[in-house]
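>>> My questions concern the predicted model and sequence given below.
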Amino acid sequence: MAEQKFLNTLRITSNKIREDARDYIISAYKRAGTLFTAASPFAQIVTVLSEITELIMFYIEDALVEQNIYTAQHPESIYGMSRLTGHDATRGYAAFGEIRFKWNPSADLQSIAGTGLTIDGRAELEFESNGLFYTLLTSKDAFRISTLNKDWTTCSIVQGVFERQTFTSSGTAMQSFNCKTGSSLTDHNRVSLSVNGELWTKHESLYDLLPDEKGYLIKTGISGGLDIYFGNSNFGAIPQTGAIIEVEYLKHKGVQGNLNDSGELKVKWKVEGEDSTGTLHNLDDLLMVEVTSSPKMGANRESIDFTKILTPMASKSFVLATPDNYEYFLSRYAIFSYIDAYNRTDDQYLDDDNVIYIFAVPDIKKKVSKGGDYFSIPQNEMFFQQEEYDAMLKVLEDSGQMMVTTEVNFVKPKIRKYSMDIDIRYFEGFSTADISSDVTAVVSDYLLNITRRDKLPKSDIIYILEEIEGIDSVNVRFISETEERARRLGYYESITTQVQPQEPVLLEEIGNGKQKYVFFKKLETVNIVNVDANSVIPEDIAGLDQWGDIIMEKEEVAVFRGGWEDRDGDMIPDGVDINREAALSINFDEKPVPRTIYTRVQAGNRKALR
């Protein structure tokens, strides 16, 4: 048997190996033109074997790639590996809020037989602002409104519609079922399961189930939908043979269900009320409805790329104990552009060592209206409102995973206002209006997508602006409201904080009937520092470093907004303007650069160097 030394180890692609094999056969038998051709049987066998070997190598390579969650490409591989680490890929969260309703003063209550109306406990309503359905969350199948009750009735609502699927138990251990939900989003938490009409308890892990406990596991389906798992008697009960298993879940629209508190929200009932004679009545004519808390916290399903990031952060104990656990839990809602959970155990102030501080900034890209940009978003929508912080806290508390000794404090960002001056030298033949529109678009896109929390460098802006057709050169300058105010007033305030130990002092009630002893006291001293025309404003006061780049402390957020005065007392307006002061000021040279062959060549050379 010939030794297979004819294969060159430097030529390892399938085509090169096949070529080496053919060359060896030709040289060994010396009759390639008569007995060995591309159409001869032996040549065909070599070709088939090479194709099969190539497929095997592709399979081996794919298997190796799919074993690493960071290199895997197939959703089934990524979800499967995340499941092994304890991370259950988020199926999305439905927006929830609260409404209240009562009898309309102009309603004809005499037309109602009996003493009131009976309404479905899962009655659906439609919000006119987005055309989506919302469902009442009540503990009963139906509830009754008495005509004698003139007070408001308050009820929680959730965006979406509940749906059910039914299965039959085989009576075997560790049986599982898959609920096919199509492409629709299902709420990650609002799932219930009953066996022969009796509700069973949901658990996160098989080892949480006691022997013969009526519980189950539910996970995001690796191939879609919901995967339901039952125990093996030692860990969880086995549904008896023939038992009817009913799974109820909520189908929703994710972030589309979120609504702002601004403006009047109008709703329409999609069901009717029934009186004592069975007569149905239009609820829109009889009831007035107010939205006391607009629906929030809606989120889409977790993307594959996001699953890769979250998987290593999964808590194996399913307990919110460390800052990383809180970041992991809240990040699954996918409504943040930035979230940071931390504690302050490294300072001398010990009284807050059990507090988890959460600094969060919303993803404002999802708030940009069609045709809008960064500069058209109202400033109050750039940050979470108190109602949204309350909703986040409710989600944490309802999870049942918080440690009783831990407190959560949502840190409201410290807003620093800036304006941006852009000076542009442009080529003749280009419209300043068109260039200004392009500049606004790319700057807006940058500000909407940047998540850097330490610094905002001018070089980033200059880099993206130089790519715009028609621009020869560009310069960017950031102007700080804080520095301009100090220059205008002639002073700035500097705050120093000191921590002093003290005898325990009983403070007032802190809520829930609790009181708190304080062993350390924080003392803040405000110092007035005078400045003149030659004074240098410290970086932490101005918010600008020596290069003119924006620097941000841990809890600060830089926004480009007007509504403040510069050092000369001129008001900086909101929005974008050309050759005038504004939140974004775009200034053009009076004379454009001549468009000659030389300048065109130089512009092309510059782009080639990038």
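Cool, got the structure. Numbers count the residues shown, from 1 in each chain.
>>> Where do the helices of this protein begin and end?
In the chain, the helices defined using DSSP state H lie at 14-29, 41-66, 75-84, 283-286, 304-310, 323-331, 386-398, 432-449, 458-465, 481-489, 539-542, 597-609.
>>> Quick check: which of the ones you listed is nearest to F143?
Nearest to F143 among the helices of the chain is helix 283-286 (12.8 Å), distances taken as C-beta to C-beta. The C-beta positions use only the backbone N, C-alpha and C, and glycine is treated the same way.
>>> Going by contacts, tell me the helices and strands next to that closest one.
Using 3 or more C-beta pairs under 8 Å, 6 or more residues apart in numbering; DSSP states H and E, the elements in contact with helix 283-286 are strand 116-120, strand 267-269, strand 272-274.
>>> S444: neighbour count?
Per other C-beta atoms under 10 Å, the neighbour tally for S444 reads 20.
>>> need the contact list for it.
Going by C-beta atoms under 8 Å, 6 or more residues apart in numbering, S444 touches 373-375.
>>> Please identify which of those is nearest to R488.
Nearest to R488, judged by C-beta to C-beta, of the contacts of S444 is F375 at 24.3 Å.
>>> check contacts around that closest one.
Applying C-beta under 8 Å, 6+ apart, the residues contacting F375 are 440, 444, 560, 574-576, 583-584.
>>> Using CSV, lay out the helices and strands packed on helix 283-286 together with mean pLDDT.
Formatted as CSV, the helices and strands packed on helix 283-286 follow (pLDDT from 0 to 100):
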stretch, mean pLDDT
strand 116-120, 89
strand 267-269, 90
strand 272-274, 88
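>>> Can you say which of the helices of the chain is nearest to R100?
The closest of those to R100 is helix 283-286. By C-beta to C-beta, the value is 14.0 Å.
>>> what is the mean pLDDT for the closest one?
Here helix 283-286 scores 89 as its mean pLDDT.
>>> now swap in stretch 203-219 and tell me
87.
>>> same question, stretch 415-428
Mean pLDDT, computed over stretch 415-428, is 93.
>>> follow-up on the earlier one: what would the contacts of F375 look like in TSV with distance to A173 and pLDDT?
Formatted as TSV, the contacts of F375 follow (distance: C-beta to C-beta, whole Å; pLDDT from 0 to 100):
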residue	distance to A173	pLDDT
T440	63	94
S444	58	93
F560	61	94
D574	65	91
G575	66	90
V576	66	92
A583	65	93
L584	65	94
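>>> Quick check: N178 touching K219?
No - counting by C-beta atoms under 8 Å, N178 does not reach K219; the two are 10.2 Å apart.
>>> contacting residues for N354?
With contact taken as C-beta under 8 Å, 6+ apart, N354 is in contact with 405-407.
>>> any idea how far D88 is from it?
Noted for N354: a distance of 28 Å to D88, by C-beta to C-beta, to the nearest Å.
>>> Can you say which of the contacts of N354 are buried?
Buried by 16 or more other C-beta atoms under 10 Å: T406, out of the contacts of N354.
>>> Now tell me what touches stretch 389-396 from outside.
Contact with stretch 389-396 is made by 96, 293, 296-297, 320, 326, 329-330, 333, 358, 360, 384, 402, 408, 410, as judged by C-beta under 8 Å, 6+ apart.
>>> ok, now with 7 Å
296-297, 320, 330, 402, 408, 410 (C-beta atoms under 7 Å, 6 or more residues apart in numbering).
>>> Now do the buried residues in it.
By neighbour count on 16+ other C-beta under 10 Å, the buried set for stretch 389-396 is 389, 391-392, 395-396.
>>> and which of these is nearest to Y491?
Of all the buried residues of stretch 389-396, Y389 has the smallest distance to Y491: 34.1 Å, by C-beta to C-beta.
>>> Could you measure from the closest one over to V191?
Between Y389 and V191 the computed distance is 26 Å (C-beta to C-beta).
>>> picking up where we left off before, and the buried residues of stretch 389-396 as TSV, adding distance to S183?
Converted to TSV, the buried residues of stretch 389-396 look like this (distance: C-beta to C-beta, whole Å):
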residue	distance to S183
Y389	32
A391	27
M392	28
V395	25
L396	30
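>>> what's the neighbour count on the closest residue in space to G215 that isn't next to it in sequence?
Spatially, and ignoring its direct neighbours in sequence, G215 is nearest to T201 (4.5 Å; C-beta to C-beta, 6 or more residues apart in numbering). Counted with other C-beta under 10 Å, the neighbours of T201 add up to 13.
>>> what do you get for the one 4 residues further on?
Around S205 there are 12 other residues, counting by other C-beta under 10 Å.
>>> Over to A63?
Using other C-beta under 10 Å as the criterion, the residues surrounding A63 number 10.
>>> So it versus I468, what's the distance?
Using C-beta to C-beta, we find A63 at a distance of 46 Å from I468.
>>> How about Y134?
Plainly put, Y134 is 44 Å away from I468 if you go by C-beta to C-beta.
>>> same deal with T147?
For T147, the distance to I468 equals 67 Å [C-beta to C-beta].
>>> Look up phi and psi at N534.
Main-chain dihedrals, N534, degrees, to the nearest 10: phi -100, psi 0.
>>> The spatially most central residue of the chain: what's it in contact with?
What sits nearest the mean C-alpha location of the chain, by C-alpha atoms, centre = their mean, is A334, with 1.6 Å. Listed by C-beta under 7 Å, 6+ apart, the contact set of A334 reads 299-300, 302, 306.
>>> from the residues you listed, which is closest to T138?
For the contacts of A334, the nearest to T138 is A299 (23.9 Å; C-beta to C-beta).
>>> how deep is the closest one tucked in, by neighbour count?
Applying other C-beta under 10 Å, we find 25 residues neighbouring A299.
>>> so it makes contact with Y333?
Yes - using C-beta atoms under 7 Å, A299 is in contact with Y333, at 4.3 Å.
>>> joint contacts of these two?
Both A299 and Y333 are contacted by Y93, under the criterion C-beta under 7 Å, 6+ apart.
>>> between Y134 and I468, who's got more neighbours?
Per other C-beta under 10 Å, whichever of Y134 and I468 has more neighbours is Y134, with 28 against 18.
>>> list the contacts for K366?
By C-beta under 7 Å, 6+ apart, the contact list for K366 reads V255.
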